[in-house]
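1. Sequence plus predicted model, see below.
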Amino acid sequence: MGLFNFFRINLPYGIKKNPDNTWFAFNREYVPLGWNSKQNAESTAGTSKPYQSYPIHTKYKGLTDNVILSFIKNKELIHYSDNGEILTVFFYDDRLNPTNKGGDWDAYFDIIKAFANYEVSDK
């Protein structure tokens, strides 16, 4: 569909974990939040650390796989690496996209609220 509205560009579709245990949030087109073009876009699926030359990666205190599993109710929204670690967490799927008819804003914002409690770790 492309980047055609505020929601798809500026609100998180999910987060991706890098091998160094840092995370970054991405929009519906799988590019960092606020990125409003596919120009210079990198695949979040095709590399273990996309956008590594940009300062968008963050480590959070206490954000573990077990914590994520405790507040993501729809386990289909979680994708794992080959070794079983959480690699990507989606905040909604196409069926529950909050902007679609029948979408679920409450479930979406519950996930946002849960992640909002985690502070940045400097280690």
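-> Yep, it's here.
2. Show me what the residue lying closest to Tyr118 once chain neighbours are set aside is bridged to.
-> For Tyr118, the nearest residue in space outside its immediate sequence neighbours is Tyr60; the separation is 4.0 Å by CB to CB, 6 or more residues apart in numbering. In short, each C-beta sits where N, CA and C put it, glycine included. With DSSP bridges as the criterion, Tyr60 is bridged to Val120.
3. Count the residues that sit near Tyr60.
-> Other residues near Tyr60 come to 17 when the count uses other CB atoms under 10 Å.
4. Report the separation between it and Pro98.
-> Spatial separation of Tyr60 from Pro98 under the definition CB to CB, to the nearest Å is 24 Å.
5. Where is the longest helix in this protein?
-> Ordering each helix of the chain by length in residues (DSSP state H) puts helix 105-116 first.
6. mean confidence score for that helix?
-> Helix 105-116 shows a mean pLDDT of 93.
7. what sits up against that helix?
-> Counting contacts by CB atoms under 8 Å, 6 or more residues apart in numbering, the residues outside helix 105-116 that touch it are 12, 15, 63, 71-74, 91-92, 96, 98.
8. Now the buried members of those.
-> Applying 16 or more other CB atoms under 10 Å to those, the neighbour count classes 12, 15, 63, 72, 91-92, 96, 98 as buried.
9. In strands, which of those fall?
-> Of the positions in the buried ones among the contacts of helix 105-116, Ile15 sit in strands, assigned by DSSP state E.
10. Is the most far-flung residue of the chain relative to its centre in a helix, a strand, or coil?
-> Of all residues in the chain, Lys101 sits farthest from the chain's C-alpha centroid, using CA atoms, centre = their mean; the distance is 22.3 Å. At Lys101 the chain is in coil, as set by DSSP: H, G, I helix; E, B strand; the rest coil.
11. backbone phi and psi for it, please?
-> Note on Lys101: its backbone torsions stand at phi -60, psi 130 [degrees, to the nearest 10].
12. rewinding a little: what score does the residue nearest to Tyr118 have for pLDDT?
-> With respect to pLDDT, Tyr60 scores 91.
13. okay but it is in contact with Asn117, surely?
-> No - counting by CB atoms under 8 Å, Tyr60 sits too far from Asn117 to count as a contact (9.4 Å).
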